[in-house]
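A.B. asks: this is the structure alone, sequence omitted:
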Ligand code: F6P
């Protein structure tokens, strides 16, 4: 075994040992034992404040986790990422989303080829297009795309849209015809743009919806319909072949992964509906996080520390699920966005060099906005049999609305993080019930129900205000966190072969549902097809 691999194995063993020891102590106890805990486990980056002190690791465990990051060569892999090396080996591509948001005049190279000039030219085209549309009759945009061609733009729009937008932005992702029907209802084709976004321009859902939307435009506008169609793709020839006028096709590149693409022309609908300068501010926030990630030492690097905290829970403590709760209604789609970013990137069972992954990889991610989630799944978080670590996001100043409501929202975010860690001991509960005059038998019956074990970790992320810059920084923080996790696990975070089989089988089943010859299936599947044929 070469030296690096043996160092890596040793570092993983130390992390496992640290995780096992963490099971026998409480997070709260670490605050007394470690006076500089808050300082070492708090980090500020690109205007975001991250507190990882309510995590189960001790400062010695943090050191072990940092050693793991060094042994896995996070710094070297980070340099390779930014240098545009082929970090996505199974598809033979770099992953250079940072080039899309770099300040103008940067010099990023994808596998040695300069790309920043083309990026700047596309940004200039997007700006001109946004200004032209915003000064014209358009009142609505229907954005058609799925997965990475949908979740990012949807999140941006929800997070940043004005209360009374001059141009309304609607989305249709699902091949379920209900979604497009809802998106088109009430819109006037004469004042609507349909923006079709697909990296490959082969995706069944998107092409089905694009054809239906074009039919809707043509029924009202005849030959003028195509002037209302815009496309964004890394296969611009396919978009033109579909019938989108060439000057309304915006390109991006194969080195932009779908779930990392919102920074490219994939964000065009948002750039138009929000105004181009808002889009540029989003990019600037992400670029600030890129600069931090690229330069900050590992022990003060927000994406690295967040990744290590998550890995400590995932691997050291064997916790396969994590919750994400943004205490901000405008960020309610963030858990869904992260679900794709984290699980499509890191839901892998083999390493980048095709060996079985030696460590458990991506945790399942779920969540919803706080406080809504408190009235839904927080019971599970507080008293379920599994410990589910939580990322809590809070925004200090509201974008709109009553500041009193905002204070209540923040109070809940803070109180939940405290309650998850502190819990409520059975002896406290018993004392309270006794003080209320309950009989001993009643206390025996009730006390276990009202006890909270606590010791449930949270990562607390505080955002001053949900500006475009802060949103950009937030998304980039998690993108880089996912990258660091991928490096630790030795997997390729930038491919997604696991979605292919379902696509192939769906095409086969569709042929059968449409009356084609029956294929070979298990009895359950065959019965379903027969029923629906
Ligand atoms: O779900 C698989 C996937 O390839 C995602 O990674 C991607 O974002 C989505 O499909 C949509 O693909 P496209 O942009 O090519 O239509």
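C.D. replies: Done, it's in. Note that the coordinates shown come from a computational prediction; the quantities given were computed from them, not determined experimentally.

A.B. asks: contacts for whichever strand or helix holds residue 409?
C.D. replies: Using DSSP states H and E, the element containing residue 409 is helix 403-422. Identification of contacts with helix 403-422 by Cβ atoms under 8 Å, 6 or more residues apart in numbering yields 27-28, 54, 325, 327-328, 370-371, 374, 378, 381-382, 390, 392-394, 396-398, 452, 454-458, 460. Where you see a C-beta, it was placed from the backbone N, CA and C, and this is true even at glycine.

A.B. asks: also stretch 146-158?
C.D. replies: For stretch 146-158, using Cβ under 8 Å, 6+ apart, the contacting residues are 143, 145, 169, 171, 173-174, 197-199, 203, 205-206, 232, 257-262, 266-267, 269-270, 273-274, 282, 330-334, 336-337, 340, 344, 471, 475.

A.B. asks: next: stretch 83-99.
C.D. replies: Contacts of stretch 83-99 from elsewhere in the structure, counted by Cβ under 8 Å, 6+ apart, are 77, 80-82, 106, 108-112, 115-116, 119, 254-257, 260-261, 263-264, 286-287, 290, 352-353, 479, 483, 492-495, 497.

A.B. asks: recalculate using a threshold of 6 Å.
C.D. replies: For stretch 83-99, contacts defined as Cβ atoms under 6 Å, 6 or more residues apart in numbering pick out 80-81, 108-111, 115, 119, 254-257, 260, 263, 290, 352, 492, 494-495.

A.B. asks: and the residue nearest the centre of the chain, which of the three is it?
C.D. replies: Residue closest to the average C-alpha location in the chain (Cα atoms, centre = their mean): residue 338, at 2.3 Å. Assigned with DSSP: H, G, I helix; E, B strand; the rest coil, residue 338 falls in the helix class.

A.B. asks: from what I can see it touches residue 365, true?
C.D. replies: Yes. In this structure, residue 338 is within contact of residue 365 by Cβ atoms under 6 Å, at 5.2 Å.

A.B. asks: what do these two both touch?
C.D. replies: residue 324.

A.B. asks: coming back round to it: any idea how far the residue nearest to the centre of the chain is from residue 90?
C.D. replies: From residue 338 across to residue 90, the span is 23 Å (Cβ to Cβ, to the nearest Å).

A.B. asks: got it, and residue 402?
C.D. replies: Look at residue 402 and residue 90: by Cβ to Cβ, they are 51 Å apart.

A.B. asks: same thing with residue 243?
C.D. replies: Taken as Cβ to Cβ, the span from residue 243 to residue 90 is 33 Å.

A.B. asks: for the chain, what's the longest helix?
C.D. replies: helix 468-489 (DSSP state H).

A.B. asks: what about it, near the ligand?
C.D. replies: No. Judged by Cβ under 6 Å from any ligand atom, helix 468-489 makes no contact with the ligand; its nearest approach is 13.5 Å.

A.B. asks: and the contacts of that helix?
C.D. replies: Counting by Cβ under 6 Å, 6+ apart, 46-48, 72, 74, 77, 159-160, 278, 281-282, 284-286, 288-289, 293, 302-304, 306-307, 311, 341-342, 345-346, 359, 361, 463, 493 sit against helix 468-489.

A.B. asks: which pLDDT value goes with the residue nearest to the centre of the chain?
C.D. replies: Looking at residue 338, its pLDDT reads 98.

A.B. asks: cool, and the one 3 residues further on?
C.D. replies: What the model reports as pLDDT for residue 341 is 98.

A.B. asks: who touches the host helix or strand of it?
C.D. replies: Using DSSP H and E, residue 341 maps to helix 334-346. Identification of contacts with helix 334-346 by Cβ under 6 Å, 6+ apart yields 151, 155, 259, 324, 326, 361-362, 365, 367, 482, 485-486, 493, 496.

A.B. asks: what's around residue 6, how many residues?
C.D. replies: Other residues within reach of residue 6, judged by other Cβ atoms under 10 Å, total 11.

A.B. asks: ugh, wrong one, I meant residue 396
C.D. replies: 12.

A.B. asks: so residue 365: helix, strand or coil?
C.D. replies: Under three-state DSSP, residue 365 comes out as strand.

A.B. asks: identify the bridge partners of it.
C.D. replies: residue 322 (DSSP bridges).

A.B. asks: need the pLDDT of it.
C.D. replies: At residue 365, pLDDT is 98.

A.B. asks: how close does it sit to residue 318?
C.D. replies: Note on residue 365: its distance to residue 318, by Cβ to Cβ, is 17 Å.

A.B. asks: what of residue 115?
C.D. replies: Distance, residue 115 to residue 318, by Cβ to Cβ: 41 Å.

A.B. asks: who's more crowded, those two?
C.D. replies: residue 115 (22 against 14).

A.B. asks: wait, that one touches residue 106, no?
C.D. replies: No. Taking contacts as Cβ under 6 Å, residue 115 lies outside contact range of residue 106: 9.4 Å.

A.B. asks: before we move on, back to that, just the buried positions in the helix holding residue 409, please.
C.D. replies: Neighbour-count burial for helix 403-422, counted by 16 or more other Cβ atoms under 10 Å, picks out 406, 409-410, 412-413, 416-417, 419-422.

A.B. asks: I'd like those as a markdown table, with pLDDT and distance to the ligand appended.
C.D. replies: Below are those laid out as a markdown table (pLDDT from 0 to 100; distance: Cβ to the nearest ligand atom, whole Å):
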| residue | pLDDT | distance to the ligand |
| --- | --- | --- |
| 406 | 95 | 34 |
| 409 | 97 | 32 |
| 410 | 97 | 34 |
| 412 | 98 | 34 |
| 413 | 98 | 31 |
| 416 | 98 | 32 |
| 417 | 98 | 32 |
| 419 | 98 | 37 |
| 420 | 98 | 33 |
| 421 | 98 | 36 |
| 422 | 98 | 40 |
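
A.B. asks: which of those sits closest to residue 386?
C.D. replies: Closest approach to residue 386 among these (Cβ to Cβ): residue 420, at 13.2 Å.

A.B. asks: assign the closest residue to residue 108 other than its chain neighbours to helix, strand or coil.
C.D. replies: In this structure, residue 108 finds its nearest non-sequential neighbour in residue 99, 3.5 Å apart by Cβ to Cβ, 6 or more residues apart in numbering. Three-state call for residue 99 (three-state DSSP): helix.

A.B. asks: what about residue 99, neighbour count?
C.D. replies: 26.

A.B. asks: tell me the pLDDT of it.
C.D. replies: For residue 99, the predicted pLDDT is 98.

A.B. asks: hmm, what's the outermost residue in this structure?
C.D. replies: Outermost in the chain, Cα atoms, centre = their mean: residue 439 at 50.4 Å.
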